[in-house]
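J.: Here is a sequence together with a model predicted from it:
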Amino acid sequence: MKKLLSVLFIASTMFGISKSSFAQGLEGIVVEKYYISNANDATVNSIGGVLPVGSVTYRIFADLAPGYQFQAVYGDANHELRLETSTLFFNNEDRGAPFPTFSKNFCDDNTVMLDSWISVGAACASNYGVLKVNDDGVATVVNNDGVLQNNDPLMGVPLTQQDGFIAGTPQPVTAVNVTALETMLDAQNDGTNGPLFSTNNGSWASLNGSTGVDPLLNHVLLAQITTDGTFSFKLNLQIRNATTLQVENYVAQNPIGNELLEPTLTYSSTGSSITNIVNQPRLNIYPNPATDLLWLELRNTDEAEYFINDLTGNIVASGEIASGNTSVDISELAQGSYFIRLSNSTAVSKFIKL
């Protein structure tokens, strides 16, 4: 067990790199509010397990610079790895597992899509997990049991429109010394699924390195957690430059040597954490792909200016939007892929014009 942890971190001791000698490859942690359960979802509790009304499903993404690979989430002697809820974590009792290895064919059953798990990019077998706003809108899951229909604006794009799955071949999880976490996220809700996992000697890792399905956005899904309590985490990440193979280690607190402090590795759903990227002004877009109208939903700010760029970086449209839903006429844009960003945020979303 300890030998594998040493393999993960040995590269950081091979390079005498100062913090200023390379561009940082971790742009932040993105926490997406994937779904909020309602009373209708409780109608399948006898199959999927008891899901408290008002439970929130969070997805945690590493936002990497282009050309970087995710290697591991870890805890070591100097840095705690911690996942915590004030209640319990929800685990689907039908197809649930500590890793998203179930087929997408099972995701249309009861509450399988809300299962809690850890990942290195996958949302289920043969599918990457992506932010709903970056979903391509292809093969959206249609629930067989009439649940997961909530369209609460607090969770952004409804799962019935964009489900955050894109077909591909993501890397498998290699788990080291996190058996307690695997047990906590297994397919049961017997009171042992919480409230705290903490380790100073464990990790979940991608031995081959993981990248996002979109190499420019390069978002790697690290975990999906569902709970009706206050959710918080403290993570430490190892990534590497895929070209130079230089390794970078980012920690939630107390950096040592070449380690880099990254505030977004600390999070609390109460908003009491160090400022996280999820609290920046954010933009949900739908439908995606779109033909004539693109709807923009602004969060965490009252107004902002938006810019639409083509793949060469040229600004092809811009304008002002206010909080709430605003439609943008894109009928004159050529077919293809575009990026949209806000003037007061680092977040970038991609959409396809049909």
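T.: Noted; the coordinates are in hand.

J.: only C-alpha atoms for contact and neighbour calcs from this point on.
T.: Fine.

J.: Would you mind measuring from R59 to W117?
T.: Counting by CA to CA, to the nearest Å, the gap from R59 to W117 is 10 Å.

J.: where do the contact lists of these two overlap?
T.: Listed contacts common to R59 and W117 are 223-225; contacts here mean CA atoms under 8 Å, 6 or more residues apart in numbering.

J.: Filter those residues down to the ones in helices?
T.: Using DSSP state H, no member of the shared contacts of R59 and W117 falls within helices.

J.: Take the residues you listed and keep only those in strands.
T.: Mapping the shared contacts of R59 and W117 onto strands (DSSP state E) picks out 223-225.

J.: domain ranges for this structure?
T.: 2-278, 280-353 (automatic domain parsing).

J.: just the ones you listed: most buried one?
T.: Most buried of those by mean neighbour count (mean count of other CA atoms under 10 Å) is domain 2-278; its value is a mean of 20.

J.: quick one: average pLDDT of that domain?
T.: The average pLDDT within domain 2-278 is 89.

J.: Could you shift the numbering so residue one becomes 22, and keep it that way?
T.: Okay, residue one is now 22; in that scheme the one you just asked about reads as domain 23-299.

J.: What residues does the residue nearest to P236 when sequence neighbours are not counted make contact with?
T.: Distances taken as CA to CA, 6 or more residues apart in numbering place P87 nearest to P236, at 5.9 Å, with adjacent residues excluded. If a contact means CA under 8 Å, 6+ apart, then P87 has 46, 236-239 as its contacts.

J.: just checking, next helix/strand downstream of the longest strand anywhere in the chain?
T.: Counting by DSSP E, the longest strand found in the chain is strand 314-330. On the C-terminal side of strand 314-330, the nearest following helix or strand under DSSP states H and E is strand 336-350.

J.: Can you spell out which helices and strands pack onto that next one?
T.: Packing partners of strand 336-350 (3 or more CA pairs under 8 Å, 6 or more residues apart in numbering; DSSP states H and E): strand 314-330.

J.: where along the protein do the helices fall?
T.: Using DSSP H, helices in the chain cover 23-35, 66-69, 200-205.

J.: what stretches of the stretch 272-375 of the chain score poorly on pLDDT?
T.: Scanning the stretch 272-375 of the chain for pLDDT under 70 picks out the ranges 292-303, 320-323, 333-334, 365-369.

J.: who's in contact with G49?
T.: Shown in contact with G49 (CA under 8 Å, 6+ apart): 83-85, 283, 285-286, 298.

J.: quick one: it and H240, what's the gap?
T.: Here G49 is placed at a distance of 10 Å from H240 (CA to CA).

J.: Can you pull the residues that touch both of these two?
T.: Residues touching both G49 and H240 by CA under 8 Å, 6+ apart: 83-85.

J.: the strands in the stretch 72-221 of the chain, which residues?
T.: Using DSSP state E, counting those that start in this stretch, the strands found in the stretch 72-221 of the chain span residues 77-85, 89-96, 102-106, 138-139, 143-145, 148-150, 186-188, 195-197, 217-220.

J.: contact partners of stretch 260-279?
T.: Residues from elsewhere that reach stretch 260-279 (CA under 8 Å, 6+ apart): 32-33, 36, 38-40, 45-47, 88-93, 99-100, 255-259, 280-287.

J.: re earlier: ok, of the shared contacts of G49 and H240, which one's closest to T251?
T.: Each of those was scored against T251 by CA to CA, and A83 proved nearest at 21.0 Å.

J.: Would you reformat the strands of the stretch 72-221 of the chain as a markdown table and include distance to N165?
T.: As requested, the strands of the stretch 72-221 of the chain are arranged in a markdown table below (distance: least, CA to CA, whole Å):
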| stretch | distance to N165 |
| --- | --- |
| strand 77-85 | 20 |
| strand 89-96 | 35 |
| strand 102-106 | 30 |
| strand 138-139 | 22 |
| strand 143-145 | 18 |
| strand 148-150 | 20 |
| strand 186-188 | 17 |
| strand 195-197 | 32 |
| strand 217-220 | 33 |
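
J.: N112: which of those strands is closest?
T.: Closest to N112 of the strands of the stretch 72-221 of the chain, according to CA to CA: strand 138-139, at 8.3 Å.

J.: packing partners for that closest one?
T.: Contacts defined by 3+ CA pairs under 8 Å, 6+ apart place strand 138-139 against strand 240-248.

J.: Tabulate the CA atom coordinates of the strand it packs on in PDB.
T.: What follows is strand 240-248, C-alpha atoms only, in PDB (Å, rounded to 0.1, in the frame of the first residue of the first chain):
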ATOM      1  CA  HIS A 240     -12.300  19.400 -16.200                       C
ATOM      2  CA  VAL A 241     -11.700  16.100 -14.400                       C
ATOM      3  CA  LEU A 242     -14.600  14.700 -12.200                       C
ATOM      4  CA  LEU A 243     -13.200  13.600  -8.800                       C
ATOM      5  CA  ALA A 244     -16.300  12.700  -6.900                       C
ATOM      6  CA  GLN A 245     -20.100  12.800  -6.700                       C
ATOM      7  CA  ILE A 246     -21.600  13.200  -3.200                       C
ATOM      8  CA  THR A 247     -25.300  13.200  -2.200                       C
ATOM      9  CA  THR A 248     -26.400  14.300   1.300                       C
END
